[in-house]
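Q: Sequence and computational prediction follow.
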Amino acid sequence: MSAPSTSMTTTDFAVATSPLRVEIGGVAFQNPILLASGTAGFGRELDEVADLDTLGGLVTKAVSVEERAGNPRMRVGEFPGGMINAVGLANPGLEKVKADYLPWLTAHLPHARKLINVVGKATDDFATVIMGIEEALGVGPVDHSGAIAGYELNVSCPNVKKGGMEFGADPEVLESVVRQARAVTRRLVFVKLSPTLPDVAGAARVCADSGADAVTLVNTLPGLVIDVAKRRPALGFGTGGVSGPGLLPIGVLATWKVRQAVSLPIMGVGGVGSAEDALQYIIAGATLVGIGTAAMRDPRRPEKIVRELRAWCDRERVSAITDLVGMLEWPA
């Protein structure tokens, strides 16, 4: 193998030749491991406790047009099977994110790709947030390194104009959200789908036909944990989203179903706590893998998973982890 050229740094050369390197829509990720939305804030919150720039990237917490106070406390609870949360998509709103958080994101983590998670109350809110971010980033060629690689549309949130129905549950509404987002950015557009959708593969087809670059599978499952001593829900909102190890097989199945239906790249999320868990998603059809609850319990865990994946590839003589994507051998 020839030596790196003078225009390529040693780090760049190592990334370009790494067996963990993956690519989506022309954007290179140094490895497939990302922090899932809601687990890393906007990056700087974890900057002193984890080496985020060793990861493939991170997805920020949700950004909405207006500030959202979120749900009453308690917002997060644990139970033997994992975690339940009802944060309520609390966030400072578009203008504050542009002023206080976006400058740090664009100036730091040059090797980790950054995706902005976007939520809305109505169909056009998603495009409004993206246009605001694009305006703040400035007009010109899209620089994926050091800036923002793209957006993740959280279509699992309720559409107030449809009586609280999830955006992703109505194909026409889903198409509108994705098309509007696609029209206002050249950056990557991911769409995060719920495991409760009756036809998650069909929803992924809508995303593909509407211009999405990738889908994220899956969001949390709705659940209820009860404080038996108080005879009340453990969370202030009552119900919440269930995450953790129990979500793994659900997310892996959704990934496999979608991989059979569309060629869109997939970010598999749900229950990942080890390299073996991540490999399940990859073999089922995921190109990227998001770490959520495991990262909240141990912020250094995602870095360890990257090292475990590299060691596994070395041990199994896998020269490119992309060779494993969708290679599940179904029983005869």
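A: Everything's here; your move.

Q: the helices in the stretch 151-300 of the chain, which residues?
A: With helices called from DSSP state H, counting those that start in this stretch, the stretch 151-300 of the chain shows them at 171-183, 200-209, 248-261, 275-284, 293-297.

Q: Make CSV out of the ones you listed and add mean pLDDT and mean neighbour count.
A: Every residue, glycine included, has its C-beta placed from N, CA and C. Below are the helices of the stretch 151-300 of the chain laid out as CSV (pLDDT from 0 to 100; neighbours: other Cβ atoms under 10 Å):
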stretch, mean pLDDT, mean neighbour count
helix 171-183, 98, 19
helix 200-209, 98, 20
helix 248-261, 98, 21
helix 275-284, 98, 22
helix 293-297, 95, 21
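
Q: so which of these comes closest to V65?
A: Nearest to V65, of all those, is helix 171-183, at 13.4 Å by Cβ to Cβ.

Q: Looking at the helices of the stretch 151-300 of the chain, which is nearest to M327?
A: In terms of Cβ to Cβ, the element of the helices of the stretch 151-300 of the chain nearest to M327 is helix 275-284, at 5.5 Å.

Q: May I have the closest one as PDB, with CA atoms only?
A: Provided in PDB are the C-alpha atoms of helix 275-284 (Å, rounded to 0.1, in the frame of the first residue of the first chain):
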ATOM      1  CA  ALA A 275     -20.200  -4.800  19.300                       C
ATOM      2  CA  GLU A 276     -22.200  -8.000  18.900                       C
ATOM      3  CA  ASP A 277     -25.400  -6.000  19.200                       C
ATOM      4  CA  ALA A 278     -24.200  -3.500  16.600                       C
ATOM      5  CA  LEU A 279     -23.300  -6.400  14.300                       C
ATOM      6  CA  GLN A 280     -26.800  -7.800  14.600                       C
ATOM      7  CA  TYR A 281     -28.100  -4.500  13.100                       C
ATOM      8  CA  ILE A 282     -25.500  -4.500  10.400                       C
ATOM      9  CA  ILE A 283     -26.000  -8.000   9.300                       C
ATOM     10  CA  ALA A 284     -29.800  -7.300   9.300                       C
END
